[in-house]
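> based on what follows, work out the 3D shape:
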Amino acid sequence: MRCGKPCSSALARSGDTAPLIDLHSCNPYREPDGFASSANLYAELMPYTDRLWLGELFDYEGTDPAYWLVELSGIPFGLMGEMLQGGGNPRRGPVFGMTARAPMTDVRPMWRAFDEPGLPEAEFTGRWADEPPVTTGRDDVLASTWRGPGGTVTAVASWAAEPVGCVLTDADGPVAAYAPAIEGFQPERHFAAGAGDAGTWLAAVRTAGFCAPLT
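Here you go, the predicted model:
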């Protein structure tokens, strides 16, 4: 890994597309590996990588949002992450800017949904920020938001144990939302401002979330 940046520079100078350096780790929090943490084990290598793959044996279903942020996402280290084990949880992942890893999972429909409103050029604000742009009014239904030239897009996901209701709200009050159809991810759906049914729909679909341009 010490040669990562020189290798990247050499390949870039060769005229080929500049490479991405991935850090891939299985979950070492188990007895054979001494109950270690991938984030702790490889923190010194993070500055030399572009993306995390954490990874096989990680639990994307039974872990809380704090675990997602610190152990899975790469966000505390300024990195993006991709989910591996079983494709991860495709609806919780976007709250942390994550999708499954291609080509093991076909994430092209989600990538197209990201590209259409220009999310790669937008500013991403996670729900852990002091003043997130969009909130749900619940600690167990999280919302993270992109804002850019293409408008505002919010990813919402539920960690509630059962179906719950929530109201999407910005600084001016409740907002309406439109969930576009994304193949293999979600059907098209409209949510009226203040209706309170977004969380019910999200939680009912396998603790699901969506990406929704706000109106």
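> quick one: the helices in the protein?
All helices of the chain, identified by DSSP state H, fall at 4-13, 38-41, 65-67, 108-115, 198-204.
> list the buried residues in the shortest one.
In other words, helix 65-67. Neighbour counts over helix 65-67 (16 or more other Cβ atoms under 10 Å) mark Pro65 as buried. From N, CA and C alone the C-beta is placed, and that goes for glycine too.
> ok, and what's touching it?
Helix 65-67 has contacts (Cβ atoms under 8 Å, 6 or more residues apart in numbering) with Val95, Arg127, Leu142, Trp159.
> just checking, which of the residues you listed belong to strands?
Members of those lying in strands (criterion: DSSP state E): Leu142.
> which of the contacts of helix 65-67 has the largest number of neighbours?
Val95 (28 neighbours; other Cβ atoms under 10 Å).
> could you give the number of residues near His190?
Look at His190: counted by other Cβ under 10 Å, it has 11 neighbours.
> I'd say it and Ala176 touch.
Yes - counting by Cβ atoms under 8 Å, His190 does reach Ala176; the two are 7.5 Å apart.
> between these two, which contacts overlap?
If you check His190 and Ala176 against Cβ under 8 Å, 6+ apart, no residue is contacted by both.
> give the contact list for Met104.
Leu84, Gly87.
> my bad, should have said Phe124
Going by Cβ under 8 Å, 6+ apart, Phe124 touches Gly97, Ser144, Thr145, Trp146.
> how about a cut-off of 7 Å?
Residues in contact with Phe124 (Cβ atoms under 7 Å, 6 or more residues apart in numbering) are Gly97, Ser144, Trp146.
> now swap in Leu119 and tell me
The contact partners of Leu119, taken as Cβ under 7 Å, 6+ apart, are Trp146, Val153.
> ok, 10 Å please
Pro94, Gly97, Trp111, Ala113, Trp146, Arg147, Gly148, Gly150, Val153, Ala155, Cys211 (Cβ atoms under 10 Å, 6 or more residues apart in numbering).
> now the fifth one, which residues is it bridged with?
Judged by DSSP bridges, the bridge partners of Trp146 are Phe124, Val153.
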